[in-house]
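Peer 1: Need a 3D model of the sequence below.
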Amino acid sequence: MRLLLDTDALIWSQQQPEKFGERARSLLKAARANPRWISAASALEIARLIWVGRLRLMVPLETWLATAAETLNAERLPIDEAVAIEAYRLPEPLHRDPADRLLIATARVHECHLITSDSLILDYAHVRAVDARR
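Peer 2: Reported below is the predicted structural model:
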């Protein structure tokens with residue numbers, strides 16, 4: 001199963017791994033069977049969280065992201081033209097958060113399951129999602 005971590009799951013993986021449920025944890029541990037990716041949309045969201053004072057990192061964000069990718073044995077995915085277009089072609093109804101739209105679009109374009117704790121994404125019928133809390 002190809003896995004894309006949403007922003008909360010990415011942060012949890014580095015700072016609060018105990019928040020993952022048993023199934024999500026086992027999927028992340030099985031690196032060979034479950035290749036994983038990190039979207040540039042998460043870098044955008046984390047940068048915003050730092051900017052508004054809701055998140056503090058002990059190292060520069062660039063270093064944190066590189067370490068996270070290495071720790072998770074994850075590839076980083078850019079926001080390319082296909083993802084940008086898909087983000088606003090997603091079937092409605094879907095909430096308007098642009099970062100979530102980019103993450104969903106990335107999962108769809110790259111045929112990944114999105115690991116998330118976001119109930120709006122988990123309830124969205126047009127993306128394969130895995131509840132990070134289970």
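Peer 1: tally of neighbours for the residue nearest to residue 33 when sequence neighbours are not counted?
Peer 2: Setting aside the residues directly before and after it, residue 33 is nearest to residue 1 in space (Cβ to Cβ, 6 or more residues apart in numbering), at 7.2 Å. Every C-beta, even on glycine, is put in place using the N, C-alpha and C of the backbone. Residue 1: 13 surrounding residues under other Cβ atoms under 10 Å.
Peer 1: May I ask you to confirm that residue 1 is in contact with residue 36?
Peer 2: No. Residue 1 lies out of contact with residue 36 (Cβ atoms under 8 Å); the separation is 9.5 Å.
Peer 1: Output stretch 74-83 as PDB - backbone C-alpha positions only.
Peer 2: The C-alpha coordinates for stretch 74-83 follow below in PDB (Å, rounded to 0.1, in the frame of the first residue of the first chain):
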ATOM      1  CA  ALA A  74      10.000   8.600   2.600                       C
ATOM      2  CA  GLU A  75      10.200  10.300  -0.700                       C
ATOM      3  CA  ARG A  76       9.200  14.000  -1.000                       C
ATOM      4  CA  LEU A  77       6.600  14.900  -3.600                       C
ATOM      5  CA  PRO A  78       6.500  18.400  -5.100                       C
ATOM      6  CA  ILE A  79       3.200  20.100  -5.900                       C
ATOM      7  CA  ASP A  80       3.300  19.700  -9.700                       C
ATOM      8  CA  GLU A  81       0.900  20.900 -12.300                       C
ATOM      9  CA  ALA A  82      -1.200  17.600 -12.200                       C
ATOM     10  CA  VAL A  83      -1.700  18.000  -8.400                       C
END
